[in-house]
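Student: all I have is the shape, not the residue letters:
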C-alpha cells in the first residue's frame, strides 16, 4: 500500500511508495539494462505462470486462463503503485492531507511476441488492444471508489519503460488527476459559455484551416495541437462527439486501430523511432456522484495524446509550467503529413 | 521573436520558436556533446567579447565593462526564448490565442572559472551570485510589461544544461506562469481563510515535528516537502516572512549562501553529484496592476526548490499530473540530514 499525499499550497496529489522505498543507491540506472530473452520475459507467451493471474485476455474460445495461445492479456501490475485492497481513508495532520493508496494498476500485454513495437503489429491485433482498453475501463468503472481511469503507454527507456515487451498500462485513481481535471474544467467553462463542446469546435477549426492536420479519416482527425508542450506532439480525436471512450463503435475501433498505427509509423519515420508516451483521456467515472458534472455527456470528448520524448526538461519548465517548443506545430504537422506511414 | 500560444482547453501558455525552428534531424543529441575548453568557452574569463555586451557584473571598482577581472557577470542570452524588443501584442483566431514573445532571457555567470560547480565555489562567491539574483529581479521589475521573473539553474546535461560553465538563467514573462500562479492562488486562498501565510504555517509545523527537516539555520529552514513530485526534492524557506526575494537582508544573504551551498553539497554526497535544477520562487512583479493581489505582502513567501534529476518521467505523469515518488520524504530527509555537507 502506498500513500497519496497532497501538496498543501497547490493541491497537487502525489503517490509515495511505502513498502519498497528506494534508497539513494537504488538510483543508479543511467543506461537501460540489457533486454531479457523471451524465455526469461514474464510477459512472453508460455511464461504465463511468471505473472500474477490474468484479469482478462483475448484468447481462442475454450482456451483456459493463464495458458498460452492468447492475443492480448491483462494482468495486475507486480509492483502496483496503487492497490485494489482496502477502503479509501482520508487523514490529515495540521496542514497536511493524505489518503491510503487505493486504486488499480494493470498491464495490457499487446502481443505474445517480445521484440515488436505496437505500430508493427497487424491492424487486427491493434484492434484487439483497443478493445481491451474499452473492456478494462468498463470493468474498472464498476468500482465506485475509482474516479478516473488513465490508460497510457511508455515506449522506450527514455519514456519510462522498464520492460521491452510491448504493453500498455492502466492506473485508476480515487481522485481525478490534476491534468484530467484541468481538461474537464476547461471544457466545462467553454460549454457553459458557448453551449458547444470545445473539442468539437477545435476539430471544426482545424479541418477548415488544415495547416496542423496530419491525417483525416472517416471517423478520426489527427493533428499537431496549436499549443503543444513538446515538439511533434500529436492528438487524435474521434470526429463524432463521445465523452467516453467506452462508447466507441465497432466501425470506429477499426478506423482508430488503422489511424493510431499509421500515426505512430509516421512518427517513427520522421524521428527515427523515438521513445514516446501516449495517454488516452476519457471522461471520469460517471457512476459515483452522478450529476456532479451534469453536462458531462455534452462537454467532454475523449482523445489520445502522443508525445515523442526527444527533448530534455529543464528548470524553466519545472519551475513555471511553461514549455518551450522549438518546432512550430505547423512545421511538425508538415513533416508528419509527408512522412510515409 | 517567438510566439506565446495558449492551449484552448487548459489555458496553459507555451513558447514556440519562430526564428530558428528545429527540424526532425536537429533532435539528435542523445548524449552530451564534448565539453569545450576554457579557451573556446564564451562564458570564461578573457572571452568577454564572445558574448553579447554585459548587462551588469560584480567587478573591481574602475574595471571597465566586458573586460576580465569580474566575479559574476550577467549577459543577455544569445538564443533568447523571449525578447525584450517590441510591445506585447495579443491576437486571436477562432478559439486560439497568442501573443508575441516579449520578455527577457539572461544568463548569470556564476564564476570566471569553467570547470566548477556552484556548490564548490567559496561562500563569498555564492553570496555574489545571490546578490546578482536580487539586483536582476529589481531591475527587470522596472519593466511593467514583465509580470514575473523566474531564476533557475540547470546543472548537468540531464537537467537540460547545454553549457558546462557554471551559470544560472533568468526568464521574465509577460504573463504569470501557471505554476507560479497556482502557488500564489493556493497561498491566497489559505490566507483568505486563515489570515495567516501558508508558508509560515508550513515552517512552524515542520520545525515542531522535524522528521522532514534537513537543516535549520538562524534565518533558513531546509526541508524535504511533505508531497514532493520527485525523490530527494528539497525546499529552502527564509524563516522570516518576506513575499519577495528582493527584500532579503545582507545578513540573510550570507546565511542563504552558506545554506544553499551546504544543501547542494549534501545532495551531491547523497546521490553522487546528480544533475539537478533549482528554481527561485518570488512574488510576481508588484508594480503593474498594483493592488491586484491586495494582500500580497502577507500571503506569499519566497522560497527555493531543488529537484535532483534521477528519475525518468513516464506517460502516467505526463497524462495525469500525478507524480510517483519512490522514496518517502521522511527517508530522503534522513539521508540528506546525515550526509556530510
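Tutor: Yep, that arrived. Here the structure is a predicted model, which is why all the values come from computation and not from measurement.
Student: tell me how far residue A:189 lies from residue A:198.
Tutor: 9 Å (Cβ to Cβ, to the nearest Å). For the C-beta atoms, the positions are set from N, CA and C on the backbone; glycine is no exception.
Student: which bits of the stretch 151-300 of chain A sit near chain B?
Tutor: Residues of the stretch 151-300 of chain A found near chain B (Cβ under 8 Å from any Cβ of the partner chain) are A:152-154, A:157-161, A:169, A:171, A:173, A:177-180, A:182-183, A:186-187, A:190, A:198-199, A:201-202, A:205, A:225-229, A:231-232, A:270-271, A:274, A:277-279, A:281.
Student: give me the pLDDT for the residue in the stretch 101-250 of chain A that chain B sits nearest to.
Tutor: Nearest residue of the stretch 101-250 of chain A to chain B: residue A:160, at 2.5 Å (Cβ to the nearest Cβ). Looking at residue A:160, its pLDDT stands at 91.
Student: in contact with it, which residues?
Tutor: By Cβ atoms under 8 Å, 6 or more residues apart in numbering or on different chains, the contact set of residue A:160 is A:154, A:277, B:312-317.
Student: closest to residue B:116 among those?
Tutor: Set against residue B:116, the nearest of these by Cβ to Cβ is residue B:312 (28.2 Å).
Student: helix/strand/coil for that closest one?
Tutor: Following DSSP: H, G, I helix; E, B strand; the rest coil, residue B:312 is assigned to coil.
Student: tell me which residues touch it, please.
Tutor: By Cβ under 8 Å, 6+ apart, the neighbours of residue B:312 are A:157-160.
Student: for residue A:256, same thing?
Tutor: Contacts of residue A:256 by Cβ under 8 Å, 6+ apart are A:130, A:219-220, A:236, A:238, A:248.
Student: secondary structure added to those residues, as CSV?
Tutor: As requested, those are arranged in CSV below (three-state DSSP):
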residue, secondary structure
A:130, helix
A:219, coil
A:220, strand
A:236, strand
A:238, strand
A:248, coil
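Student: picking up where we left off before, so for the residue of the stretch 101-250 of chain A closest to chain B, what's the nearest residue that isn't a sequence neighbour?
Tutor: residue B:314 (2.5 Å; Cβ to Cβ, 6 or more residues apart in numbering or on different chains).
Student: okay, the residue in the stretch 201-341 of chain A positioned nearest to chain B and residue B:154: tell me how far apart.
Tutor: Closest contact between the stretch 201-341 of chain A and chain B, by Cβ to the nearest Cβ, is at residue A:314 (2.5 Å). Computed as Cβ to Cβ, the residue A:314 to residue B:154 distance reads 5 Å.
Student: now swap in residue A:333 and tell me
Tutor: 29 Å.
Student: and the stretch 1-150 of chain A, which of its residues are near chain B?
Tutor: Checking the stretch 1-150 of chain A against chain B by Cβ under 8 Å from any Cβ, the hits are A:3, A:5-18, A:20-24, A:26-27, A:81, A:94-96, A:150.
Student: what sits up against the worst-scoring helix or strand of chain A on mean pLDDT?
Tutor: Counting by mean pLDDT, DSSP states H and E, chain A has its least confident helix or strand at helix A:296-299, which shows a mean of 75. For helix A:296-299, contacts defined as Cβ under 8 Å, 6+ apart pick out A:187-188, A:190-191, A:197-198, A:241, A:243, A:283, A:286, A:293.
Student: among the residues you listed, which one sits closest to residue A:116?
Tutor: Set against residue A:116, the nearest of the contacts of helix A:296-299 by Cβ to Cβ is residue A:283 (31.5 Å).
Student: that closest one - how many residues pack around it?
Tutor: When neighbours are defined as other Cβ atoms under 10 Å in any protein chain shown, residue A:283 has 24 of them.
Student: ramachandran coordinates for residue A:211?
Tutor: Residue A:211 has phi and psi values of phi -70, psi -20 when expressed as degrees, to the nearest 10.
Student: quick one, phi/psi of the residue lying closest to it once chain neighbours are set aside?
Tutor: Closest residue to residue A:211 apart from its sequence neighbours, by Cβ to Cβ, 6+ apart: residue A:330 at 4.7 Å. Torsion angles at residue A:330 (phi, psi; degrees, to the nearest 10) stand at phi -70, psi -40.
Student: for the strand or helix carrying residue A:192, packing partners?
Tutor: For residue A:192, the host element (DSSP states H and E) is helix A:178-194. When contacts are defined as 3 or more Cβ pairs under 8 Å, 6 or more residues apart in numbering or on different chains; DSSP states H and E, helix A:178-194 packs onto helix A:198-208, helix A:296-299, helix B:315-320.
Student: again, only using 6 Å
Tutor: helix A:296-299 (3 or more Cβ pairs under 6 Å, 6 or more residues apart in numbering or on different chains; DSSP states H and E).
Student: quick one: pLDDT of the closest residue to residue A:129 other than its chain neighbours?
Tutor: Leaving aside its chain neighbours, residue A:129 sits nearest to residue A:110 (4.9 Å; criterion: Cβ to Cβ, 6+ apart). On pLDDT, residue A:110 comes in at 98.
Student: can you report how many residues lie near residue A:110?
Tutor: Neighbours of residue A:110 using other Cβ under 10 Å come to 24.
Student: please apply the same query to residue A:154.
Tutor: 25.
Student: cross the contacts of residue B:312 against helices and list the overlap.
Tutor: Members of these lying in helices (criterion: DSSP state H): none.
Student: which of those count as buried?
Tutor: A:157-160 (16 or more other Cβ atoms under 10 Å in any protein chain shown).
Student: in stretch A:195-209, which residues are buried?
Tutor: A:197-203, A:205-206.
Student: got a pLDDT number for the residue of chain A positioned farthest from its centre?
Tutor: In chain A, residue A:94 marks the outermost C-alpha relative to the chain mean, sitting 34.9 Å out by Cα atoms, centre = their mean. Predicted confidence (pLDDT) for residue A:94: 94.
Student: can you pull the contacts of it?
Tutor: The contact partners of residue A:94, by Cβ atoms under 6 Å, 6 or more residues apart in numbering or on different chains, come to residue B:205.
Student: again, only using 8 Å
Tutor: Applying Cβ under 8 Å, 6+ apart, the residues contacting residue A:94 are B:201, B:205.
Student: tell me where the stretch 1-150 of chain A has strands.
Tutor: For the stretch 1-150 of chain A, strands defined by DSSP state E, counting those that start in this stretch occupy the ranges A:3-6, A:13-16, A:56-58, A:72-76, A:90-93, A:96-100, A:104-109, A:148-155.
Student: what lines up beside the second one in the sheet?
Tutor: When you say that, I think you mean strand A:13-16. Strand A:13-16 has the following strand partners under DSSP bridges: strand A:3-6 (antiparallel), strand B:323-325 (parallel).
Student: which one of these lies nearest to residue A:70?
Tutor: strand B:323-325 (28.7 Å).
Student: now the closest one, how far from the centre of its chain.
Tutor: The chain centroid and the centroid of strand B:323-325 are separated by 22 Å under Cα atoms, centre = their mean, to the nearest Å.
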